[in-house]
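Student: One predicted model, sequence on top.
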Amino acid sequence: MHVRRMICFWFGIFSPLALAANPPSGDAAVRDLARNWIRDNEGVGLSVGIFDAGQRRFFAAGTQRLDGNKLPTPDTVFEIGGIGETLTGQLFARAVIEGRAAPDDDVQKYLGEAYPNLENGGVRVSLLTLANTTSGLANNIPDVSQVRTVPNEPLAATRMRVFVNYSVAQFRRDLHVVKPQRPPGEAPGASSVSSMLLGVVLEKAYGEPFDATLAREIERPLRMASGTQPDLKLLAKGYTAAGEELPSFGARIAWPSQSLRYSTKDLLEFATWQLAERDASVKLAHRPTWTTPSGAQSMAYFWIVSTSPQGRQLHVSGSTYGFTSLCDLYPDAKLAIVLLSNQTKEGAQDSLRALSRKIADSLRPTPSS
């Protein structure tokens, strides 16, 4: 079924999934914004979670899969892409607070062998440069840009399979031939290698698999479902820009970077905890460690920190082969926004940023809004 046809059908019956008896006045605006986003972007499905001054609310538009007729629910599971890096950054912040690691540590200290290549201009890759995305390392290992199309399979699915079959041992071997493209600490840049490598470091620092640390330090305390082993019955289907259906992406090597899978309900629990900033490790994870010359934006532990009409803002977005995601925190306004969609295409992250901006402005209007 063509994407546009499904949008029109579900657009007509869209409704919020959880409303109080007397819904807040901003709910109608959020519903309209979600509808419009699906229509304007020819999207498949959209799940919206909002924490607003102590109250959690959920909205949905579109569908969980093109050959079905179900709205996403707060429990529908999506691939969260780059949002997952902030969970990795949070685990690193906890390790620093507990004395298991130090931001200035050379990454080689945790790898058990020499990596003389992990430097540029005499500056070594440190743990901090991994967490604030200034390591200068390449975006992906393995490089899937040369993967060829397999008959009867979307190219994206073929590339996903490369990561699924890629081991930590292979990653560590390939890391020997990777060199930072610029001196670490100089400037931020997209690098799944940085978060994947930080995941290897965390396994050494904690002495256990990444998923065990994630469950103990974040998921169980926040009553989140497993992001590495989600309930398969709750998974939304992901789609390419061309509407090709993809298998679920849960590659172990990419858990620290982009292959975690959560529902909007789960992610809003994480966002609410982050928003409060009471925990020492959360405060550390939000502390700017690199700032643009203009001072307009900073990098914390994978969070982008800036100022908005609603006050201080922490932002992260991401995409996988079939999903696009966003999380915005406004600590001063006590507002958190989670947006999950089950299609990826060019400009999708920008469109979610624009949607989040409109939601924030509708819930916390300012004189200039």
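Tutor: Nice, I can see it. Residues are numbered from 1 along each chain as shown.

Student: end-to-end on stretch 210-224?
Tutor: Its first and final residues considered, stretch 210-224 spans 16 Å by CA to CA, to the nearest Å.

Student: Same check on stretch 304-317?
Tutor: 10 Å.

Student: what comes up buried for it?
Tutor: Ile304, Val305, Ser308, Pro309, Gln310, Gln313, Leu314, His315, Val316, Ser317 (16 or more other CB atoms under 10 Å). Just so you know, the C-beta spots here come from the backbone N, C-alpha and C atoms, and that holds for glycine as well.

Student: Stretch 355-366 too?
Tutor: Going by 16+ other CB under 10 Å, stretch 355-366 has these buried residues: Leu355, Ser356, Arg357, Lys358, Ile359, Ala360, Asp361, Ser362, Leu363, Arg364.

Student: any weak-confidence spans in the stretch 251-369 of the chain?
Tutor: Applying pLDDT under 70 to the stretch 251-369 of the chain flags the ranges 367-369.

Student: which residues in it form helices?
Tutor: 264-276, 280-285, 348-363 (DSSP state H, counting those that start in this stretch).

Student: Mind listing residues that contact the second one?
Tutor: Spelled out, that is helix 280-285. Residues outside helix 280-285 that contact it (CB atoms under 8 Å, 6 or more residues apart in numbering) are 86, 89-90, 92-94, 96-97, 273-274, 276-277, 300-301, 303.

Student: Relative to Pro221, which of the buried residues of stretch 355-366 is nearest.
Tutor: Checking the buried residues of stretch 355-366 against Pro221 with CB to CB, the nearest one is Ser356 at 26.3 Å.

Student: Enumerate the positions of the helix or strand hosting Thr213 that are buried.
Tutor: Under the criterion of DSSP states H and E, Thr213 resides in helix 210-214. For helix 210-214, the neighbour count (16+ other CB under 10 Å) marks Phe210, Asp211, Thr213, Leu214 as buried.

Student: try stretch 230-238
Tutor: By 16+ other CB under 10 Å, the buried positions in stretch 230-238 come out as Pro230, Leu235, Ala236, Lys237, Gly238.

Student: Over to stretch 281-291?
Tutor: For stretch 281-291, burial by neighbour count (16+ other CB under 10 Å) applies to Ser281, Val282, Leu284, Ala285, His286, Pro288, Thr289, Trp290.

Student: Give me the distance between the two termini of it.
Tutor: Start-to-end, stretch 281-291 (CA to CA) is 20 Å.

Student: One more: stretch 172-186?
Tutor: Stretch 172-186: ends 24 Å apart by CA to CA.

Student: How about stretch 141-149?
Tutor: First-to-last residue span, stretch 141-149, CA to CA: 19 Å.
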